[in-house]
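Asks: A predicted structure for the sequence below; I have some questions about it.
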Amino acid sequence: MSLKYNNTLLKKVEDILKEGGYTIRYEKGNFQNGYCILEKRRVVVINRFHEPEAKINSMVEILLSITDLETENLSSESAQLLNQLQIEKGVLFQQ
């Protein structure tokens with residue numbers, strides 16, 4: 001099953017990060033997307049001016065690189081999507 005870049009997928013990836021214990025912030029500026037830990041709060045910062053496809057790619061790349069995602073808090077839908085992203089990540093980033 002191939003993933004389609006749209007606002008629905010963006011929302012679902014946001015849900016995985018939020019359920020996994022991260023806060024997502026959309027900020028303006030000339031910077032690369034990323035994540036950090038500020039005073040024990042896990043924050044993902046995304047450039048608000050990027051297109052949805054770029055936001056999705058950035059969040060998926062971050063999502064697949066973090067090691068402290070609270071997977072036990074994920075809904076079954078989020079856990080299933082996370083598993084699919086882990087399987088398809090090579091294909092996802094070749095598009």
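Replies: All right, it came through fine. Residues are numbered from 1 along each chain as shown.
Asks: if I've got this straight, Cys36 is in a strand?
Replies: Yes. Under DSSP: H, G, I helix; E, B strand; the rest coil, Cys36 falls within a strand.
Asks: so how many other residues sit close to it?
Replies: 9 (other CB atoms under 10 Å). Yep, even glycine has a C-beta here, placed from its N, CA and C like the rest.
Asks: The helix-or-strand element of the chain with minimal mean pLDDT: partners in the sheet, and parallel or antiparallel?
Replies: Scoring the helices and strands of the chain by mean pLDDT, DSSP states H and E places strand 34-38 at the bottom, with a mean of 71. Strand 34-38 has its sheet partners listed here by DSSP bridges as strand 41-47 (antiparallel).
Asks: quick one: contacts of the strand it pairs with?
Replies: 17, 21-29, 31, 33-37, 54-55, 58-59, 62, 66, 68 (CB atoms under 8 Å, 6 or more residues apart in numbering).
Asks: Spell out, range by range, the helices that occur in this structure.
Replies: 7-19, 52-65, 76-92 (DSSP state H).
Asks: Make TSV from the ones you listed and add mean neighbour count, mean pLDDT and distance to Val45 to it.
Replies: Shown next, in TSV, are those (neighbours: other CB atoms under 10 Å; pLDDT from 0 to 100; distance: least, CB to CB, whole Å):
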stretch	mean neighbour count	mean pLDDT	distance to Val45
helix 7-19	17	96	12
helix 52-65	18	90	10
helix 76-92	14	84	20
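Asks: any idea how far the residue nearest the centre of the chain lies from Glu39?
Replies: Closest to where the C-alpha atoms of the chain average out (CA atoms, centre = their mean) is Met59, at 2.9 Å. Counting by CB to CB, to the nearest Å, the separation of Met59 from Glu39 is 22 Å.
Asks: Relative to Phe49, how far out is the residue of the chain positioned farthest from its centre?
Replies: Ranked by distance from the centre of the chain (CA atoms, centre = their mean), the top residue is Glu39, with 20.9 Å. Counting by CB to CB, the gap from Glu39 to Phe49 is 27 Å.
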